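Peer 1: next come a sequence and a model predicted from it.
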Amino acid sequence: MSNNNSSLDLSAVLDNDLCIGCGACVMADRSLELTLSPTSLLYEPNGLGNPAAAAVCPAIQVDFEDLHQKVFPGQEVTPHGVVERVVLAQSTTEKRNLRASSGGLIKELIHHLLAQDDIDGVLALDEAQGLDYHVRLITHPDEIDQLPGSIYHAVPLDGTLRLLEENKGRFVIVGIPCQLEGVYNYIFNQAPELAERIAFTIGLLCGWLYSHHAVEAISKFKKIDASAITQISYRGGGPIGKLQISTEEKTTRIGRRVDFGYQVAFDRSFNAPRCHLCINHANFLADLVVGDAWLPSTVTTRTGVSMVTCRTPEASDLIDALSESGAIVVAEATVDELTESQTHRVTFGDFAYAYADHLDEIGIFRPKMVGPNRELTDLSSPAEASAFHKELTRKRKLQKERRYRFLWWRKATRELPRHLRRYFSWFFVRVLRVKSFTKRRKEISRDSLSGFR
């Protein structure tokens with residue numbers, strides 16, 4: 001990766017709340033540490049940093065072409081990244097599956113990998129207390145089922161690189177896309193010897209990362225003291241799952257699909273700003289990628305199904321080994337299912353690239369990155385990008401002022417038609433399978449998922 005940012009610091013990242021807490025900068029400049037910003041409620045470095053910190057920051061630049069050559073040398077890069085195989089899969093352990101809500105694949109994967117002689121541990125996110133989560137080293141199988149499921153709010157991720165540096169051996173990393181961008185940016189710029197310590201990477205198909213404003217907003221709507229939260233769980237109990245917020249007094253369960261307060265608090269405006277510019281939701285740099293399979297054929301499953309992208313032969317062999325052992329059930333899929341599940345807009349960055357162009361036009365800093373998906377991008381209109389930016393600017397100002405109730409009324413009035421259109425779209429596409437009936441695409445048959453719950 002070129003070092004063309006060597007004269008910069010992190011001021012543009014901090015000014016625009018673009019940090020995602022990957023920790024690359026605090027490794028490159030040891031005078032920095034990640035702290036929770038009192039205004040954006042996102043983790044960010046506590047200073048501007050030196051040129052080395054700027055050179056590794058994925059909120060400044062990600063050179064996907066260069067990183068693909070280093071991470072997957074000699075492999076073909078398609079618009080979906082490097083792809084060996086795509087499957088649908090589900091853990092056969094119902095309890096594990098129900099707790100994960102999306103197939104239970106990650107825990108099955110790390111159970112299997114941790115049993116290998118050449119794997120010394122797994123670096124994964126674990127709950128500390130309340131909203132505090134930290135990356136820790138897992139070395140014993142009994143620890144795996146204690147790990148949390150999906151985490152939606154911002155957390156510090158610098159522990160991945162710190163633990164990789166502090167421990168000799170070979171490790172599995174579980175991470176979101178921008179986290180792996182930061183890991184590889186730092187390694188290939190500053191510490192190439194650490195590349196040998198990465199035995200395998202399991203990536204998440206990432207939707208969005210939310211600021212802590214989302215948690216504060218839903219807490220206000222449900223009359224929960226956010227400062228008293230002892231535990232939070234975003235999934236569990238079924239394919240969609242419920243948000244569960246616990247204090248010492250009570251546990252509040254909130255329907256993610258139907259609860260209006262949830263729809264307000266976890267509106268896109270509560271995302272970390274860099275999420276709106278992300279063109280890597282598919283996690284191009286992970287050996288194996290796992291996420292929810294949002295397909296018409298999986299709507300009726302009781303415990304959720306995982307969409308799995310194998311980017312290497314080793315990843316495909318791992319899926320076969322788990323299937324042969326009876327730990328998972330598998331159905332073959334294609335990149336068409338990957339696109340349908342995540343939508344064309346997200347898979348190919350239709351809006352993200354258009355929004356980046358708009359920020360360039362109005363002179364606002366944004367990360368420099370072009371992924372392999374760019375060639376199939378169907379750019380959103382400049383008018384849509386412009387209108388979104390104006391609305392986002394207004395909403396983020398209201399969030400920083402903690403005017404969450406105003407945002408509730410805004411969605412209940414001005415934004416209600418748009419909100420309802422999303423539900424109609426979901427119902428017709430996912431439930432009624434309208435694309436199949438109109439022959440716009442051929443769905444995976446439900447018969448092929450007969451072994452799934």
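Peer 2: It's in.

Peer 1: how far does stretch 114-124 stretch from start to finish?
Peer 2: 12 Å (C-alpha to C-alpha, to the nearest Å).

Peer 1: again, but for stretch 92-110
Peer 2: End-to-end for stretch 92-110, by C-alpha to C-alpha: 15 Å.

Peer 1: equivalent analysis for stretch 43-53, please.
Peer 2: Start-to-end span of stretch 43-53 (C-alpha to C-alpha) is 16 Å.

Peer 1: buried residues in that stretch?
Peer 2: Across stretch 43-53, burial judged by 16 or more other C-beta atoms under 10 Å covers Tyr43, Glu44, Pro45, Gly47, Leu48, Gly49, Asn50, Ala52, Ala53. For glycine as for every other residue, the C-beta is placed from the backbone atoms N, C-alpha and C.

Peer 1: so the third one makes contact with Glu33?
Peer 2: Yes. Judged on C-beta atoms under 8 Å, Pro45 makes contact with Glu33 at a distance of 7.1 Å.

Peer 1: tell me which of the buried residues of stretch 43-53 is nearest to Glu384?
Peer 2: Nearest to Glu384, judged by C-beta to C-beta, of the buried residues of stretch 43-53 is Glu44 at 28.5 Å.

Peer 1: re the thing from before, could you pull out the residues contacting both of Pro45 and Glu33?
Peer 2: Contact criterion C-beta atoms under 8 Å, 6 or more residues apart in numbering; residues shared by Pro45 and Glu33: Val26.

Peer 1: residues touching Leu194, list them.
Peer 2: Leu194 touches Leu161, Leu164, Glu165, Ile187, counting by C-beta under 8 Å, 6+ apart.

Peer 1: hmm, which two among those residues are most spread apart?
Peer 2: Pairwise distances across the contacts of Leu194 (C-beta to C-beta) peak at 9.9 Å, for the pair Glu165 and Ile187.

Peer 1: and these two? Which one has more around it.
Peer 2: Ranked by neighbour count (other C-beta atoms under 10 Å), Glu165 and Ile187 place Ile187 first, with 24 against 15.

Peer 1: a helix runs through the more buried one, doesn't it?
Peer 2: Yes. Ile187 sits within a helix when classified using DSSP: H, G, I helix; E, B strand; the rest coil.

Peer 1: so it makes contact with Arg197?
Peer 2: No. Using C-beta under 8 Å, Ile187 is not in contact with Arg197, being 9.2 Å away.

Peer 1: show me where the stretch 251-400 of the chain has strands.
Peer 2: For the stretch 251-400 of the chain, the strands defined by DSSP state E, counting those that start in this stretch occupy 251-255, 288-292, 306-310, 328-333, 368-369.

Peer 1: okay if I get the ones you listed as CSV plus mean neighbour count?
Peer 2: Formatted as CSV, the strands of the stretch 251-400 of the chain follow (neighbours: other C-beta atoms under 10 Å):
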stretch, mean neighbour count
strand 251-255, 15
strand 288-292, 25
strand 306-310, 26
strand 328-333, 20
strand 368-369, 18
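
Peer 1: got a markdown table for those strands, with distance to Asp9 and mean pLDDT too?
Peer 2: Shown next, in a markdown table, are the strands of the stretch 251-400 of the chain (distance: least, C-beta to C-beta, whole Å; pLDDT from 0 to 100):
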| stretch | distance to Asp9 | mean pLDDT |
| --- | --- | --- |
| strand 251-255 | 41 | 94 |
| strand 288-292 | 33 | 95 |
| strand 306-310 | 36 | 96 |
| strand 328-333 | 44 | 95 |
| strand 368-369 | 16 | 97 |
